[in-house]
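In: Sequence and predicted structure are below.
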Amino acid sequence: MSSRLLKLSAAALLGSVLFAGAPAFAETVLHRGNSGEPQTLDQAQTSINIEAFILKDLYEGLTIYDAAGKIIPGAAESWTLSDDGVTYTFKLRENAKWSDGSPVTAQDFEFSFKRVEDPKTAAKYANILYPIKNAEAINNGKAEIATLGVKAVDAKTFQITLERPTPFFLELLAHQTALPVSKASVEKNGADFVKPGVMVSNGAFKLISHVPNDSLVVEKNENHWDAANTKLDKVIFYPIDDQAASVRRFEAKEMDLAYNFSADQLERLRTSYKDQVHVSPTLATYYYVFDGSQAPYNDVRVRQALSMAVDRDFLAKEIYRGSQIPAYSLVPPGIATYGEPSKADFATLSQLDREDKALALMKDAGYGEGGKPLEIEIRYNTNPNHERVATAVADMWKNTFNAKVTMTNLDVSSHYAYLQEGGKFNVARAGWVADYADAENFLALNLSTNKTFNYGKYSNPEFDALMQKSYAEEKPEARSKLLHEAEALLSRDQPVAPLLTQADLWLVSNRVKGWEDNAANEHLSRFLSISE
Amino acid sequence: MLAFVLRRLASAVPTLFIVVTISFFLMRFAPGGPFNLERPLPPATMENIMRTYQLDQPLWRQYVTYISNAVQGDFGPSYIYKDNTVAELIGKGLPYSMELGLYALLLALIGGVTLGTIAALRQNSVLDFSIMSLATVGTTIPNFVVGPVLTLIFAIVLSLLPAGGWGDGSFSYLLLPMIALALPQLAVFARLTRGSMIEALHADHIRTARAYGLPPRIVVITHAMRGALLPVVSYLAPCAAALMTGSAVVETIFTIPGIGRYFVLGALNRDYTLVMGTVVLIAIFVIVFNLVVDLIYGLLDPRVRHD
């Protein structure tokens, strides 16, 4: 049976390869490298961006990102927001259809959102939709699903009521968890609705085949309302988690796009492929967190001194070869509603001046040379780049403070499990990639009430109060100001030392047209085309 | 012989049981879990997930559930690749790994035995020296070096072969991963064959055969080879099991959709059920190939015949 299975799949693949190669069909195919195998194609189970790339091609949410990473209308053609800022009324497109030809209805969205919040679904990103009235209570099993603040007013009118005004709600709706499922399909097929041949989708593409760890093929969805403007006939996603293998397949011209490659390849690739190499700063911060529950890290001077003594330029240029950017704020640049982040005041100083200041602060606190000995353990998750960063930082602290620095690494799962369970540590590496383009998403990591993400147990009532005020503030400018004030406190207290703003590295073949780098790292295939 | 086979298969049951039990508890005692990600999940979400996958139950109950399901052939859903059960993932990937592994095994076996025999017949000659140097190189250069170098030469510079993927499953896609996979094993087979062949050629019965004036080809192939192959055959079992259950390294380098990577990925991701599934599979392969090899051994060496 196994050999028949093999022959079948080989034949299917052969068919698609021949199909792609035959000039008579003149098919336009995008060969899209995706840096890993999707764990699921269920919008309620998804959690990583390699799934988002596929799901957003297959499905269309109420709002979507355009090629430049800006929010534009998707399945909804327009919407209104009530004066109190809590009720959105979406008008769905009259000609929005599922790939089986049936209309996309408000009932589908109501069903989808309730499905995500249902505790039985166990959706990983249920919290993306928590701003919706009762969502969190439902997801925690404390309220009935029927009470969720979503309502199909009629087939094409969908109403969402929020707990409180949420200025970034339209961003949340573009997250892959907020993509709709076909109510009819899920009710009929159950968990199998994600399988090729079964899946019904409303995006620009539909699922054709999926061989795990080999390829996932989607074809243009002729029933999509904007199909006339979809230029690609087919997109083949290659789930290659090995970065070197991915680069090799791009170099062999087997792929048009390759996502994420090792930073030490950057120079070589730039020489060979010039403007086909894209380094695009993204909404992600690489930081070290101090365990504020213990001495000496409960002393703000020690944290400031340690943070100042880290030469971020060295990390960015020497270790990451310019593929990452020095960071002095937890919130990365590139968020339209926030503007320039509130950086730490030492950002403007030269590294030498920072070191002088750091020494003085450390002396003040009574540690380092002439004071109590400084013994620091850096914890990080196993990864060659993290190891290089930790080694460099250890060196900087040794040289500046004569500190004794040790390093401990665990695999990613153990590392984060330890931090999440409130384990004691000195300094630990962490990273945060934005779920949505808003400063709040980064700042909320340090709320004293945030038991999961606040690894350093930072607790500052002033900070908490500013954040609470920002949640109630409806005016964008006033809200942005409150968030900046909150970030200024973080930049002063340094519960975390932001080190680098991460960048997405892409190889984009000259054949691909319509590509735009953007901080949201959103690249829907429907906006791309191929020209020889 | 049938009794022997049945006895061996019966003794495999407790072996499998012990393997499964040890793996189950080793996996669970590793820190972290399948849902501890770089991006930690909110506690309520974690609770929902734990309940859904019955990970909130006491370990002994999870173990009993696992064993009773596994006995019925249900290895559970993959915790990481959620759209598939473990059986589906292995079912889809195994044919790729087995096909590639089989070709690599044939290449390693035929190539290794041939080279080893030639080296033994020309002992201490330049040819022997070259073959053995190559074999040393083959065992010492890891396939994560050989693989990329082969790709660089044949796919990127010469554009003769694909850089990776299974494609249509044609030979052009299989050639490079097959070589990368076979090379270290080929070297082992060559060294084993040379050593035992030299020994065999000095045996009394070979000297007698020569004294009778038998043609050298008959002496080597019919008489010496039989004894010389014994260590090769012993090595065949672990080698075949390893090659046919896929290599994480080669499958990753050449982006082959086999199961080799599931073992490693599963362990790293704490995908308990997937790891258990691959462990059981590998254990079965090892048991079966060992049995096959013992039977072949009997054919080659009358002293260990299983009557």
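Out: Looks like it arrived, so ask away.

In: next one: phi and psi at residue A:508?
Out: Residue A:508 has phi and psi values of phi -120, psi 110 when expressed as degrees, to the nearest 10.

In: That one and residue A:259 touch, don't they?
Out: No. With contacts counted by C-beta atoms under 8 Å, residue A:508 stays clear of residue A:259, the gap being 9.8 Å. Just so you know, the C-beta spots here come from the backbone N, C-alpha and C atoms, and that holds for glycine as well.

In: which one is residue A:398 nearest to, not counting chain neighbours?
Out: What sits nearest to residue A:398 in space, not counting adjacent residues and going by C-beta to C-beta, 6 or more residues apart in numbering or on different chains, is residue A:405, at 5.7 Å.

In: Quick check: phi and psi on that neighbour?
Out: Dihedral angles (degrees, to the nearest 10) for residue A:405: phi -120, psi 130.

In: For the residue of the stretch 301-450 of chain A found nearest chain B, grab the count of nearby residues.
Out: Nearest to chain B in the stretch 301-450 of chain A, going by C-beta to the nearest C-beta, is residue A:413, at a distance of 3.4 Å. Summarising burial for residue A:413: neighbours were counted as other C-beta atoms under 10 Å in any protein chain shown, giving 22.

In: any idea how far it is from residue B:118?
Out: For residue A:413, the distance to residue B:118 equals 50 Å [C-beta to C-beta, to the nearest Å].

In: Now for the residue of the stretch 301-450 of chain A closest to chain B, which secondary structure element holds it?
Out: Using DSSP states H and E, residue A:413 falls within helix A:412-420.

In: downstream neighbour of that helix in the secondary structure list?
Out: strand A:427-433.

In: May I have that next one exported as PDB, CA atoms only?
Out: Backbone C-alpha positions of strand A:427-433 (Å, rounded to 0.1, in the frame of the first residue of the first chain) are rendered in PDB as follows:
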ATOM      1  CA  VAL A 427      19.400  37.800  33.400                       C
ATOM      2  CA  ALA A 428      17.500  36.000  30.600                       C
ATOM      3  CA  ARG A 429      17.100  36.400  26.900                       C
ATOM      4  CA  ALA A 430      13.600  36.900  25.500                       C
ATOM      5  CA  GLY A 431      12.000  38.200  22.300                       C
ATOM      6  CA  TRP A 432       8.700  39.600  21.400                       C
ATOM      7  CA  VAL A 433       7.100  39.700  18.000                       C
END
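
In: hmm, that strand in reach of chain B?
Out: Yes. On the criterion C-beta under 8 Å from any C-beta of the partner chain, strand A:427-433 is in touch with chain B at A:431-433.

In: Quick one: the strands in chain B, in order.
Out: Counting by DSSP state E, chain B forms no strands at all.

In: Scan it for its longest helix.
Out: Ranked by residue count, the top helix of chain B under DSSP state H comes out as helix B:86-121.

In: now for it, which elements pack on it?
Out: The contact analysis (3 or more C-beta pairs under 8 Å, 6 or more residues apart in numbering or on different chains; DSSP states H and E) places helix B:86-121 against helix A:2-21, helix B:126-140, helix B:171-201, helix B:225-244, helix B:260-269, helix B:272-300.

In: From the chain's centroid, how far away is the longest one?
Out: So the one you mean is helix B:171-201. 14 Å (C-alpha atoms, centre = their mean, to the nearest Å).

In: got the angle between that helix and helix B:225-244?
Out: Angle between the axes of helix B:171-201 and helix B:225-244 is 150 degrees (criterion: axes from the mean of the first three to the mean of the last three C-alpha atoms, to 10 degrees).

In: what's the answer for the fifth one, then?
Out: Interaxial angle, helix B:260-269 versus helix B:225-244 (the same axes, to 10 degrees): 50 degrees.

In: ok, and does helix B:260-269 reach over to chain A?
Out: Yes. On the criterion C-beta under 8 Å from any C-beta, helix B:260-269 is in touch with chain A at B:261, B:268-269.

In: What separates the first and last residues of stretch A:394-409, distance-wise?
Out: Distance across stretch A:394-409, first residue to last, is 14 Å (C-alpha to C-alpha, to the nearest Å).

In: ok, so what distance separates the most centrally placed residue in chain B from residue B:104?
Out: For chain B, residue B:242 is the residue whose C-alpha lies nearest the centre (C-alpha atoms, centre = their mean; 1.0 Å). Taking C-beta to C-beta as the measure, residue B:242 falls 10 Å from residue B:104.
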